[in-house]
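Participant: generate coordinates for the sequence data below:
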Amino acid sequence: MKLTILGCYAATPRTITNPTAQILEIRNRMFLIDCGEGTQVQLRKNKLKFSKINHIFISHLHGDHFYGLVGLISTFMLLNRQTDLHVYGPKGIKEIILLQLRYSNSFTGYNLYFHELESKESEVIFEDEKVIVKTIPLKHRVYTNGFLFQEKPKERKLNVEAVEKYKIDTAYFRKIKYGGNITLDDGTVIPNAELTFDPEPTKSYAFCSDTMYDETLIPLIQGIDVLYHETTFLESEADKAEKTMHSTAKEAARIAKLANVKQLLLGHYSTRYSSIELFMQEAETIFPNVLLGDDGKVFDFD
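Facilitator: Next up, the predicted model:
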């Protein structure tokens, strides 16, 4: 599981900071999470292939989280994209994007699918044989969802010595990897545990931005590997966080602690502060395993 932070600052883009966008690579899938202004430039800077992006997840319809989307969609057209593109986001995103394309006389040469979200309960919005994605309802000034990305259980690892010992035909290897027992010609049943080793543990990543402090999301992220939780303000501006329905670094840390996550990743910083190190310092007073997100940072979660 690999995460590339394309942008992790709040509000307006600057020459040295970018609004929210992330690339999550998990089980040979590449997901774009939010698409703030300048996302495609950041994709190029980080040498990420546009063609690998088939699914885009938009948390909410504030500009610093999706104003780069129509530009990226248009660039895909200029690059002669043929592969289907799926966009998941709040109801209204289809109308916004198609209106811009229509009035600029732009048309995609590929299929563009919008999956508009309205539910205030967690729901599965993407699933294939390797990964499942669920929404995490968040509390913000407009309808907002976070996203939980989870690997599905991997195949068990074949114990080569054991299968050779029992002279098991290769035709049964797939069944064994998926947990099946094997019955030999003499009727002896060989339990799967004797023929395989446990697979590598599955990974999980939760993206929670934008949101105020909200303990109702804790059951949805309990025990996950990595939690990205917005930290727009420091505790000294807790009143502003409450008014604007954002979170402080300490509040994000409290959520991480209560949810017993393995690592907390900070981001969505207000640019009023002199150093983002201040966010880590505050969060670490409550939760020890803190990572500091920043534009261009890459995290490998092995």
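
Participant: now the helices for this protein?
Facilitator: Taking DSSP state H as the test, the helices found in the chain are 39-45, 63-66, 69-78, 93-103, 160-165, 173-177, 192-195, 218-221, 238-244, 249-259, 277-283.

Participant: wait, which of those helices is closest to Arg141?
Facilitator: With Cβ to Cβ, the closest approach to Arg141 among these belongs to helix 238-244: 7.2 Å. From N, CA and C alone the C-beta is placed, and that goes for glycine too.

Participant: figure out how far that closest one is from the centre of its chain.
Facilitator: What separates the centre of helix 238-244 from the centre of its chain is 26 Å, taken as Cα atoms, centre = their mean, to the nearest Å.

Participant: ok, the residue of the chain most remote from its centre to Glu194 distance?
Facilitator: The centre of the chain is farthest from one residue, Asp186, which by Cα atoms, centre = their mean lies 49.7 Å away. From Asp186 across to Glu194, the span is 16 Å (Cβ to Cβ, to the nearest Å).

Participant: ok, Pro137 - contacts?
Facilitator: 119-122, 144-146, 216-217 (Cβ atoms under 8 Å, 6 or more residues apart in numbering).

Participant: if we go to 10 Å?
Facilitator: Residues in contact with Pro137 (Cβ atoms under 10 Å, 6 or more residues apart in numbering) are 117, 119-123, 143-146, 211, 214, 216-217, 220.

Participant: which of those residues are buried?
Facilitator: 117, 122, 143-146, 211, 214, 217, 220 (16 or more other Cβ atoms under 10 Å).

Participant: Serialize the residues you listed to a markdown table and add fields for distance to Thr15 and pLDDT.
Facilitator: What follows is the buried ones among the contacts of Pro137, written out as a markdown table (distance: Cβ to Cβ, whole Å; pLDDT from 0 to 100):
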| residue | distance to Thr15 | pLDDT |
| --- | --- | --- |
| Leu117 | 33 | 98 |
| Ser122 | 38 | 98 |
| Tyr143 | 32 | 98 |
| Thr144 | 28 | 98 |
| Asn145 | 31 | 98 |
| Gly146 | 29 | 98 |
| Thr211 | 28 | 98 |
| Asp214 | 33 | 98 |
| Leu217 | 34 | 96 |
| Leu220 | 37 | 98 |
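
Participant: Asp198: which of the residues you listed is nearest?
Facilitator: Leu220 (26.1 Å).

Participant: these two touch, right, the closest one and Ser122?
Facilitator: Yes - at 5.6 Å, Leu220 and Ser122 qualify as touching, with contact defined as Cβ atoms under 10 Å.

Participant: can you list residues touching both of these two?
Facilitator: In contact with both Leu220 and Ser122: 134-137, 146, 148, using Cβ under 10 Å, 6+ apart.
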